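In: Just need the structure, nothing else, for what follows:
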Amino acid sequence: MTTAHRARPSYGIPVPPLLTCHPDKQRLYGADTYYQESHGQLAAHTGDITGFAHRHALLLLKPDAVVARRLEPAVDWLAGQGFRIVGAAVTRLTRTMIRSLWYFQWNLATPYRRRLAALFLEDADALVLLVRPVHDLDVPASVELTRLKGPTDPDARRPGQLRHLLGRYSYLLNLVHTPDEPADVLRELAVHFDESERGRLFRSALADEDRTAHAGELAGLLYAAAEPRDLDFGPAVARLREAVARHREADPTDDPRTLLESAWRLGIDLDRWDTVIVGSKVLPMREPGRAPVLDGADADTWRRHLDTVRATAK
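Out: Reported below is the predicted structural model:
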């Protein structure tokens, strides 16, 4: 048989179209180690992997939510939106984990964004909540939670959305993250947790346990390990000016962007949170003209997708 007629090799496992709207995501996630690990482990717990991924969503409450003391409001908001917490665990956001979580989207990130993210995300603890809706939905739980969470752009957030409730600080300081689609839920569970912790979360979710109290306990531990911080822009600029004023080579009256870039150039020691608060407001966070390698899909797109998949299956 000639090379031209040989069967194309398989690089991974099948990802059903019910787990994502995107053919590229099906192809790439099938060969992704994180997705494969989560899929394989879940298969040992249930024969309905697709159903599990549709019924559950993840909410990552990032370190900015911890220092801003916004964990309890997020838990209360989930209940008000009809979501039950069926699993909770602490995750440590290392450099590798951050890049793994947003591997297919960080091609958009500017060097400034990567630098600032390292200051407040790397080697910091955060809270992951595994949730499921109380009532049946016509789209996957992850799609609905992402819709209700609100956009990254603080100016586009609206009352009632979680990111509006928790604080409209900046593009980068958005306090929470959700996986976009069912396939992303499975993949991100494996990014955050090893086999043992994933097993505990899978068992708790499949038993439909109420883990709200446990989430509250973990929130208390995270608060105890991190000092509270004010994430407002004005006070942060004032504190940076005070820090820069102690150095003769820098001008504390510069505009915030020049102030920050001068401090970096001169090697001035700055408070990391103030640097992130100011930098995420005045520095570009997204490379112009770029699209993410992979993205999510809104609820209407998912409804059309589900209709197409079901019609094809008949």
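In: secondary structure element for residue 91?
Out: Here residue 91 sits within strand 83-93, counting by DSSP states H and E.
In: Which strands and helices lie in contact with that strand?
Out: The contact analysis (3 or more C-beta pairs under 8 Å, 6 or more residues apart in numbering; DSSP states H and E) places strand 83-93 against helix 71-80, strand 124-133, helix 195-206, helix 212-225. Yep, even glycine has a C-beta here, placed from its N, CA and C like the rest.
In: The next helix or strand after that strand - contacts with which helices or strands?
Out: Elements were assigned by DSSP H and E; along the chain past strand 83-93, the next helix or strand is helix 95-101. Counting contacts by 3+ C-beta pairs under 8 Å, 6+ apart, helix 95-101 packs against helix 111-120, helix 182-192.
In: of the ones you listed, which approaches residue 87 most closely?
Out: Closest approach to residue 87 among these is made by helix 182-192 (9.3 Å; C-beta to C-beta).
In: Residue 159 - how many residues pack around it?
Out: By other C-beta atoms under 10 Å, 7 other residues sit near residue 159.
In: pretty sure it is in a helix, no?
Out: No - with DSSP: H, G, I helix; E, B strand; the rest coil as the criterion, residue 159 is coil rather than part of a helix.
In: Assign residue 294 to helix, strand or coil.
Out: The three-state assignment at residue 294 reads coil, by three-state DSSP.
In: Next one: it from residue 143, what distance?
Out: Noted for residue 294: a distance of 15 Å to residue 143, by C-beta to C-beta, to the nearest Å.
In: Among these two, which residue is more densely surrounded?
Out: A count of neighbours by other C-beta under 10 Å puts residue 143 above the other of residue 294 and residue 143, at 28 against 19.
In: residues touching the spatially most central residue of the chain, list them.
Out: Nearest to the geometric centre of the chain sits residue 177, at 2.9 Å (C-alpha atoms, centre = their mean). By C-beta atoms under 8 Å, 6 or more residues apart in numbering, the contact set of residue 177 is 59-60, 62, 101.
In: among these, which ones are buried?
Out: 59-60, 62, 101 (16 or more other C-beta atoms under 10 Å).
In: Show me how the protein divides into domains.
Out: Per automatic domain parsing, the domain ranges recorded for the chain read 19-228, 233-282.
In: Just say which of the ones you listed is most tucked in.
Out: domain 19-228 (a mean of 19; mean count of other C-beta atoms under 10 Å).
In: Now it: average pLDDT?
Out: Averaged over domain 19-228, pLDDT sits at 96.
In: For residue 145, give me its contacts.
Out: 57, 59, 81, 83, 131, 178.
In: Please apply the same query to residue 275.
Out: Residues in contact with residue 275 (C-beta under 8 Å, 6+ apart) are 116, 119, 240, 260.
In: want to try CSV for those, with distance to residue 77 as columns?
Out: Output for the contacts of residue 275, formatted as CSV (distance: C-beta to C-beta, whole Å):
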residue, distance to residue 77
116, 26
119, 27
240, 32
260, 33
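In: just to revisit the earlier point, can I get the strand holding residue 91 in PDB, CA atoms only?
Out: The C-alpha coordinates for strand 83-93 follow below in PDB (Å, rounded to 0.1, in the frame of the first residue of the first chain):
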ATOM      1  CA  PHE A  83     -26.900  26.600  40.900                       C
ATOM      2  CA  ARG A  84     -26.000  24.100  43.700                       C
ATOM      3  CA  ILE A  85     -22.400  23.600  44.700                       C
ATOM      4  CA  VAL A  86     -21.700  19.900  44.500                       C
ATOM      5  CA  GLY A  87     -17.900  20.100  44.800                       C
ATOM      6  CA  ALA A  88     -15.300  22.500  46.100                       C
ATOM      7  CA  ALA A  89     -11.500  22.500  46.200                       C
ATOM      8  CA  VAL A  90      -8.600  24.900  46.500                       C
ATOM      9  CA  THR A  91      -6.200  25.200  43.500                       C
ATOM     10  CA  ARG A  92      -2.800  26.800  43.300                       C
ATOM     11  CA  LEU A  93      -2.300  28.800  40.200                       C
END
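In: Redo the helices and strands packed on strand 83-93 as TSV? Include distance to residue 232.
Out: Shown next, in TSV, are these (distance: least, C-beta to C-beta, whole Å):
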stretch	distance to residue 232
helix 71-80	17
strand 124-133	20
helix 195-206	35
helix 212-225	19
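In: re the thing from before, bridging residues for the residue nearest to the centre of the chain?
Out: Beta-bridge partners for residue 177, by DSSP bridges, are residue 60.
In: Looks like residue 202 contacts residue 39 (just checking).
Out: No - taking contacts as C-beta atoms under 8 Å, residue 202 lies outside contact range of residue 39: 11.5 Å.
In: re earlier: so for residue 108, which of the helices and strands packed on strand 83-93 sits nearest?
Out: Judging the helices and strands packed on strand 83-93 by C-beta to C-beta, what sits closest to residue 108 is strand 124-133, at 21.6 Å.
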